[in-house]
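Q: got a predicted structure plus its sequence, pasted below:
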Amino acid sequence: MTAAICPGTFDPITNGHLDVIKRASKYFDRFIVAVAARPDKMPLFNLRERVHMVSTTTKNLPNVDVEPFDTLLVDFAKSVGATSIVKGLRAISDFEYEFQMAQINQAMGEEIETFFMMASAEYTFISSSAVREVASYGGSIKGLVPGDIENELVEMFNSKFNSLEKGAV
């Protein structure tokens, strides 16, 4: 049985993420979307919220599981029996960082291979940070995020940004 992980912060999940997940999951028996805790990145959404969003958008993909993690990626891969890491790339700038991470991961776990998948052309401009910025100004995120969570995500954004404004000095 082949198993792969597709790690990310998914703060929030975008149509670009979902595109890579759908396309890459076809090549593995088990495909685990690994939602990273990453408190150092100060995510807008907590880990539970991000796992919920990813689970909601992937629920119709039969071989896809969603799991949170807060360890080294290679250690997580080993713990779930994955021998592959799948990373989506939008631009050459993504490749530079991901190439370095792939080499570090290979040094820590020779049995785990990293595969890069190019984003589909219509999603290369989408990033979670761009979605957060558009939503923070009340702009439409239609077409940027999966439709089945779009309204829920807008409500979550409004709640988060309203609470941040109330806490502002």
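A: Right, received. Where do you want to start? Residues are numbered from 1 along each chain as shown.
Q: counting neighbours, what do you get for the residue lying closest to residue 7 once chain neighbours are set aside?
A: Nearest non-adjacent residue to residue 7, counting by Cβ to Cβ, 6 or more residues apart in numbering: residue 34, 4.2 Å away. To be clear about C-beta, it is placed using only N, CA and C from the backbone, and glycine gets the same treatment. Per other Cβ atoms under 10 Å, the neighbour tally for residue 34 reads 23.
Q: any idea which element residue 34 lies in?
A: Residue 34 belongs to strand 30-36 when assigned by DSSP states H and E.
Q: can you pull the buried residues of the host helix or strand of residue 51?
A: Here residue 51 sits within helix 47-58, counting by DSSP H and E. By 16 or more other Cβ atoms under 10 Å, the buried positions in helix 47-58 come out as 47, 49-55, 57-58.
Q: what's in contact with stretch 116-133?
A: For stretch 116-133, contacts defined as Cβ atoms under 8 Å, 6 or more residues apart in numbering pick out 9-17, 19-20, 23-24, 44, 86-91, 95, 98, 102, 141, 144-145, 157.
Q: pLDDT weak spots in the protein?
A: Within the chain, the stretches with pLDDT under 70 are 164-169.
Q: tell me which strands and helices the lengthiest helix in the chain is in contact with?
A: For the chain, the helix reaching the highest residue count under DSSP state H is reported as helix 147-167. The elements that helix 147-167 packs onto, with contact taken as 3 or more Cβ pairs under 8 Å, 6 or more residues apart in numbering; DSSP states H and E, are helix 47-58, helix 128-136.
Q: CA atoms only: put that helix into CSV for me.
A: The C-alpha trace of helix 147-167 is given here as CSV (Å, rounded to 0.1, in the frame of the first residue of the first chain):
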residue,chain,number,x,y,z
GLY,A,147,-17.2,26.6,-2.5
ASP,A,148,-18.4,24.2,0.2
ILE,A,149,-16.7,26.3,2.9
GLU,A,150,-16.8,29.7,1.3
ASN,A,151,-19.7,31.1,3.4
GLU,A,152,-18.4,29.4,6.6
LEU,A,153,-15.0,30.9,5.9
VAL,A,154,-16.4,34.4,5.4
GLU,A,155,-18.2,34.1,8.8
MET,A,156,-15.0,32.8,10.4
PHE,A,157,-13.0,35.7,8.9
ASN,A,158,-15.6,38.3,10.1
SER,A,159,-15.5,36.8,13.6
LYS,A,160,-11.7,36.8,13.7
PHE,A,161,-11.2,40.3,12.3
ASN,A,162,-14.0,41.8,14.5
SER,A,163,-12.4,40.3,17.6
LEU,A,164,-9.0,41.7,16.5
GLU,A,165,-10.5,45.1,16.0
LYS,A,166,-12.0,45.1,19.4
GLY,A,167,-8.7,44.1,21.0
